[in-house]
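Student: no FASTA, just this:
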């Protein structure tokens, strides 16, 4: 059958019964009297053909029992989020649930309207994550699970800066994206970097906003080196910003890491093709997605918790 989706009609033809009988058997309809031998024949055919129920239709029929809504901020994207979503989706599918992803936008109405429309079993609202910017700027460590210092974003940021400290750097900059869609998360990351610097005995990090325009990015890096000559390393918001930074440094003739070290965040595969190859922080985002799925379904967490952030050491530090 190639890549075509196996249907109930295919199962019916293979088992010699009607599609209605297949539906009754595979949906466990107890009101219909179907011989056990026939039920087993249908299930065996379904297994052999690799039949998978149309989960979305099933979820819509069952209302709140099988839909999980993931609400994302408008403009937020990236490989880490993609991996998290895949892990979430895969684990939900293993338990017969459907993931519905909603990207926030005023044009789409409020989150409440979506919830009212689909009646999900649970809502994972990443669009509401880190809404309290005052908390990010406050003195003292952030202790919430979402951005915690145990295995959350704060801890991952600490790993990034600690690698620079271990490499001998004492004055660092934090490179942030210019894209306004990342503004809230960038503010959060900067707040964590400042707190991590205190923990590590570093001076407060210098902020470097990296424009997407190449000429503007080169000028921003030129200004950084003129105004802060003591900075010897840059911790980037993510690998995309780090790659922009590497291009700007190349344009200025600045050698990496001899004159300025650069560390990314996300450890995407294409970072290994940069010149020099990009050192970056790897996070098992898929495992966090799996854990989130099990949490919202009321299941025990995975036997093995997500591994902590690790540094993929390449040439840029």
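Tutor: Yep, that arrived. Note that the structure is predicted; figures quoted are calculated from it, not measured. Residues are numbered from 1 along each chain as shown.
Student: Need the single longest helix in the protein, by residues.
Tutor: helix 183-200 (DSSP state H).
Student: between the first helix or strand past it going along the chain and helix 183-200, how big is the angle?
Tutor: Downstream of helix 183-200, the next assigned helix or strand under DSSP states H and E is strand 206-210. Relative orientation of strand 206-210 versus helix 183-200 (axes from the mean of the first three to the mean of the last three CA atoms, to 10 degrees): 150 degrees.
Student: Summarise which helices and strands strand 206-210 is packed against.
Tutor: On a contact count with 3 or more CB pairs under 8 Å, 6 or more residues apart in numbering; DSSP states H and E, strand 206-210 meets strand 172-177, helix 214-227, helix 239-252. Heads up, the C-betas are built off the backbone N, CA and C, glycines and all.
Student: any idea how far that strand is from the chain center?
Tutor: 23 Å (CA atoms, centre = their mean, to the nearest Å).
Student: tell me the angle it makes with helix 239-252.
Tutor: 90 degrees.
Student: Just the buried positions in the longest helix of the chain, please.
Tutor: For helix 183-200, a neighbour-count test (16 or more other CB atoms under 10 Å) marks 184-186, 188-197 as buried.
Student: TSV for the helices and strands packed on strand 206-210, including mean pLDDT?
Tutor: As requested, the helices and strands packed on strand 206-210 are exported to TSV (pLDDT from 0 to 100):
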stretch	mean pLDDT
strand 172-177	97
helix 214-227	97
helix 239-252	96
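Student: how about TSV for these, with distance to residue 99 and mean neighbour count added?
Tutor: Listed next are the helices and strands packed on strand 206-210 as TSV, based on distance: least, CB to CB, whole Å; neighbours: other CB atoms under 10 Å:
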stretch	distance to residue 99	mean neighbour count
strand 172-177	27	25
helix 214-227	36	15
helix 239-252	25	22
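Student: The longest helix of the chain versus strand 172-177: what angle between them?
Tutor: Using the same axes, to 10 degrees: helix 183-200 against strand 172-177 is 170 degrees.
Student: From the contact counts, what lies against helix 183-200?
Tutor: helix 133-137, helix 153-166, strand 172-177.
Student: Give me the residues contacting the second one.
Tutor: If I follow you right, that is helix 153-166. 141-142, 146-149, 172, 188-189, 192-193, 195-197, 199-202, 205, 233, 235, 261, 263, 265, 279, 281, 283, 308-311, 317 (CB atoms under 8 Å, 6 or more residues apart in numbering).
Student: now it, how far from the centre of its chain.
Tutor: 19 Å.
Student: Now it: buried residues?
Tutor: Buried, per 16+ other CB under 10 Å, within helix 153-166: 153-161, 163-165.
Student: ok, those residues vs residue 240, which is closest?
Tutor: Distance to residue 240 across the buried residues of helix 153-166 (CB to CB) is lowest for residue 160, with 15.1 Å.
Student: Look at the closest one and report its pLDDT.
Tutor: For residue 160, the pLDDT comes out at 97.
Student: for this structure, what are the low-confidence residue spans?
Tutor: Counting by pLDDT under 70, the chain shows low-confidence ranges at 1-5, 27-32, 52-65, 74-76, 104-114, 116-117, 127-150.
Student: related to what we said a few turns ago, figure out which of the helices and strands packed on helix 183-200 is closest to residue 303.
Tutor: Once those are compared by CB to CB, helix 153-166 is nearest, at 21.2 Å.
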